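> here are the coordinates; sequence isn't available:
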């Protein structure tokens, strides 16, 4: 999660959040939090289409799940604790969803090995349903019909 999003959730200014992190930098190794590179920041800004005079001038920090957990120890407010609990619950739910999808894929693979060719179409259909929907790229703008 990005520092500006976390600051909004915690109800503090991004500056305050980052000051707390920098004062306790030993609690945030690179696998907990890191600052985006200039290239990553440029790509991020172009995705959000921010104006040249607005938005942040500095690359935000990104926090992993462990970094978010550590934030509650440096931001000592009731809201920080409550928000942190909800974020951790969300991470747990996401992991559970990913794990259940893995388990389903493994069960399907075992069934596919067990049964012969007559069920091949059924297994292919199930795999197609399990995969994320394809993203259709469409051209933006006006199309001139002939």
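Arrived safely, thanks for sending. Note that the structure is predicted; figures quoted are calculated from it, not measured.
> show the average pLDDT along the helix or strand where residue 9 lies.
Using DSSP states H and E, residue 9 maps to helix 3-10. Averaging pLDDT along helix 3-10 yields 87.
> all strands of the chain, in order?
For the chain, the strands defined by DSSP state E occupy 33-35, 61-63.
> ok, which of those strands comes nearest residue 3?
Taking CB to CB, strand 61-63 is the member of these nearest to residue 3, at 4.2 Å. For glycine as for every other residue, the C-beta is placed from the backbone atoms N, C-alpha and C.
> that closest one - contacts with which helices or strands?
If you count contacts as 3 or more CB pairs under 8 Å, 6 or more residues apart in numbering; DSSP states H and E, strand 61-63 packs onto helix 3-10, strand 33-35.
> and these, which is most packed in?
helix 3-10 (a mean of 19; mean count of other CB atoms under 10 Å).
> helices and strands around it, which ones?
If you count contacts as 3+ CB pairs under 8 Å, 6+ apart, helix 3-10 packs onto helix 14-23, strand 61-63, helix 65-74, helix 78-114.
> change it to 7 Å
helix 14-23, helix 78-114 (3 or more CB pairs under 7 Å, 6 or more residues apart in numbering; DSSP states H and E).
> circling back: of all the strands of the chain, which lies closest to residue 97?
Residue 97 lies closest to strand 61-63 among the strands of the chain, at 20.8 Å (CB to CB).
> show me the contact partners of the closest one.
Applying CB atoms under 7 Å, 6 or more residues apart in numbering, the external contacts of strand 61-63 come out as 1, 2, 3, 6, 18, 21, 32, 33, 34, 35, 36, 71.
> so how many other residues sit close to residue 84?
When neighbours are defined as other CB atoms under 10 Å, residue 84 has 20 of them.
> please name the nearest non-neighbouring residue to it.
Once flanking residues are discounted, residue 84 sits nearest to residue 72: 3.9 Å by CB to CB, 6 or more residues apart in numbering.
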